[in-house]
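Student: Next input, structure requested:
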Amino acid sequence: MEMPRKAFFATPQEAEAAFYEARARGDIEAMMSVWGDEDDIICALAGCPRASGYEEVRDAWRRVFAGTRVDVRVINAQIMQGVLQSIHSLNEQCSAAGDRASRPLLIVTNVYLRGPLGWHMVLHHASAAPAAQETAGPPKILH
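Tutor: A predicted model of the protein is given here:
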């Protein structure tokens, strides 16, 4: 399969905005234009097997887009950026029409590399955050 023409992203923040816009629209071509062409790109979606390489990553997103449309809100973003690499640690709050219970908050790491065609994603890793533990009174001490 021929890879789609890559978009040019001047900053990793532009690439990240395009990633979440493509995700919101369920647009596989726009999604893959955010990803690098390297065969060592990795996508680990919450509850799914790790996808490695362009074709596996594309297939993973194709399956996501074939399912229920999910709205994603990004919160608590922290960015560590260098000249050639940018690491974004954030939370995703996901919801879908008809959800009776809230979905678990996701802990996400997105990594972008700068190359000749600007910034592109090379890693997206999402996992469910641990359930918040309720505490009443002072913490319990175990001996």
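Student: beta partners of the residue nearest the centre of the chain?
Tutor: Geometric centre of the chain, nearest residue: His124, 4.5 Å, by CA atoms, centre = their mean. Listed by DSSP bridges, the beta-bridge partners for His124 are Cys43, Asn110.
Student: Does it touch Asn110 like I think?
Tutor: Yes - in this structure, His124 is within contact of Asn110 by CB atoms under 8 Å, at 5.4 Å. (Each C-beta comes from the backbone N, C-alpha and C, glycine too.)
Student: Give the residues shared as contacts by the two.
Tutor: Counting by CB atoms under 8 Å, 6 or more residues apart in numbering, the residues touching both His124 and Asn110 are Phe19.
Student: so who does the residue nearest to the centre of the chain touch?
Tutor: Taking CB under 8 Å, 6+ apart, one finds 19, 42-45, 108-111 in contact with His124.
Student: got the residue ranges for the helices in this structure?
Tutor: Applying DSSP state H to the chain gives helices spanning 12-25, 28-34, 54-66.
Student: how about low-confidence regions in this structure?
Tutor: Where the chain drops to pLDDT under 70, the residues are 1-5, 132-143.
Student: What residues does the closest residue to Ile75 other than its chain neighbours make contact with?
Tutor: In space, and not counting its chain neighbours, Ile75 is closest to Asn91: 4.9 Å by CB to CB, 6 or more residues apart in numbering. Residues near Asn91 by CB under 8 Å, 6+ apart: 74-76, 105-108, 129.
Student: One more pass at 7 Å, please.
Tutor: Neighbouring residues of Asn91 by CB atoms under 7 Å, 6 or more residues apart in numbering: 75-76, 105-108, 129.
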